[in-house]
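Visitor: structure of the sequence below:
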Amino acid sequence: MHPYTAYSFGMDTVELGPSWSIVPTKYWHELSDGRIQCDLCPRECKLHEGQRGLCFVRARKDNQIVLTSYGRSSGFWVDPIEKKPLNHFLPGTSVLSFGTAGCNLACRFCQNWDISKARQDDILGERAMPQDIATSAKRLGCRSVAYTYNDPVIFHEYAIDTAKACREQGIYSVAVTAGYVNPEPRAEFYRYMDAANIDLKAFTDEFYHRYCAGALQPVLDTLLYLKRETTVWFELTTLLIPGLNDSDEEIDEMTTWVVENLGPDVPHHFTAFHPAFRMMDRPSTPFDTLVRAREIAMRNGEHFAYTGNIPDEETQSTWCPHCGAKVIGRSGYTITAWNLTGGACASCGTKIPGVFEDAPGTWGPRRRHADM
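Guide: Below is the predicted model:
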């Protein structure tokens, strides 16, 4: 059993974790009042000795900022890549998914609240170092590893080291993230990612401030960075919450911005909210709302708008934007049709943007726990 180090968090005393899981970080600087500022994300937590940031996994220890969850996970699962969701990145293949604990946003509607809002030692029961993860992904036949369930921004060092190990084994890396990160660590992080799904939660600062304790502009900056400065394949997800971010006006403004700034070919997933965490008073999203959002997006020029969290083959399949042919059929997480030839529509030859192989994977909707 590894020794644990007790550390103060506000007025409390908490355990930072086993000594092997505590690693130094580099995105921080000292302030004139004796505090140290974490520079990883726009929250820029300013910490006294022994305090943790809002994310819970980054803390001040021995006059530096450390990551306290390195090599520790809330669990490993083999998922379909479509569950991330990514529809244009190696369709039908399996992905080894894992997360840690904590988050640098405070979304009241979090659908993974049991992980992202947990105190780390409650759930971080599985140990796996980066090389272990890459080797396991190879053994399990996974084409990629996903850093997900909670935001990989906050376990920056662990995610990057794992991505490096995966790259050596020919395994892709996928970030599932809210995109809430500062420019310098963002550039380092995405040097090692092959694909990403960015959670564009809404299109107003009021929503981000009131329901996420964050801000919209840093997320837009991440999207612009990915488009202009990287070759990372990325898709968007917007969880539509009745009465909060699902108005025609907001969806119109959001999707117009996407087309004008990111182009028409970035896939956009409109997914259904289900009551969770501190938003149990809202109803689940009606399917008609998802369909309406998709229609607005496509009317504004998005070529690949999808619905999610409610099965529907029509709105979850990929259609050629030129001739209208179904190029990839989907029912839930199952590929039902494949009409791509060399990454292009088999009917008219129009190139479909994404990362495709000659044939889809055959993993289907299965989900299983991965023993490390």
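Visitor: quick one: pLDDT of the residue positioned nearest the centre of the chain?
Guide: In the chain, the centroid-proximal residue (C-alpha atoms, centre = their mean) is Val176; its distance is 1.5 Å. The model reports Val176 with a pLDDT of 98.
Visitor: isn't it right next to Val145, touching?
Guide: No. Using C-beta atoms under 8 Å, Val176 is not in contact with Val145, being 11.2 Å away. Quick note: C-beta positions are derived from backbone N, CA and C, even for glycine.
Visitor: ok, back up a step: just confirm the residue nearest to the centre of the chain is within a strand.
Guide: Yes. Counting by DSSP: H, G, I helix; E, B strand; the rest coil, Val176 is located in a strand.
Visitor: buried residues in the helix or strand containing Arg228, which are they?
Guide: Using DSSP states H and E, Arg228 sits within helix 217-229. By neighbour count on 16 or more other C-beta atoms under 10 Å, the buried set for helix 217-229 is Pro218, Val219, Leu220, Asp221, Thr222, Leu223, Tyr225, Leu226.
Visitor: adding pLDDT and distance to Pro360, write these out as a markdown table.
Guide: Formatted as a markdown table, the buried residues of helix 217-229 follow (pLDDT from 0 to 100; distance: C-beta to C-beta, whole Å):
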| residue | pLDDT | distance to Pro360 |
| --- | --- | --- |
| Pro218 | 98 | 35 |
| Val219 | 98 | 31 |
| Leu220 | 98 | 32 |
| Asp221 | 98 | 34 |
| Thr222 | 98 | 29 |
| Leu223 | 98 | 27 |
| Tyr225 | 98 | 30 |
| Leu226 | 98 | 25 |
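Visitor: just to revisit the earlier point, and the helix holding Arg228, what does it pack against?
Guide: Contacts defined by 3 or more C-beta pairs under 8 Å, 6 or more residues apart in numbering; DSSP states H and E place helix 217-229 against helix 183-190, strand 195-199, strand 233-240, helix 248-262.
Visitor: tabulate the CA atom coordinates of the shortest one in CSV.
Guide: Right, the one you point to is strand 195-199. The C-alpha trace of strand 195-199 is given here as CSV (Å, rounded to 0.1, in the frame of the first residue of the first chain):
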residue,chain,number,x,y,z
ALA,A,195,-9.0,13.9,-32.9
ALA,A,196,-11.3,15.8,-30.5
ASN,A,197,-14.9,16.3,-29.6
ILE,A,198,-15.4,19.8,-28.2
ASP,A,199,-18.4,20.5,-26.1
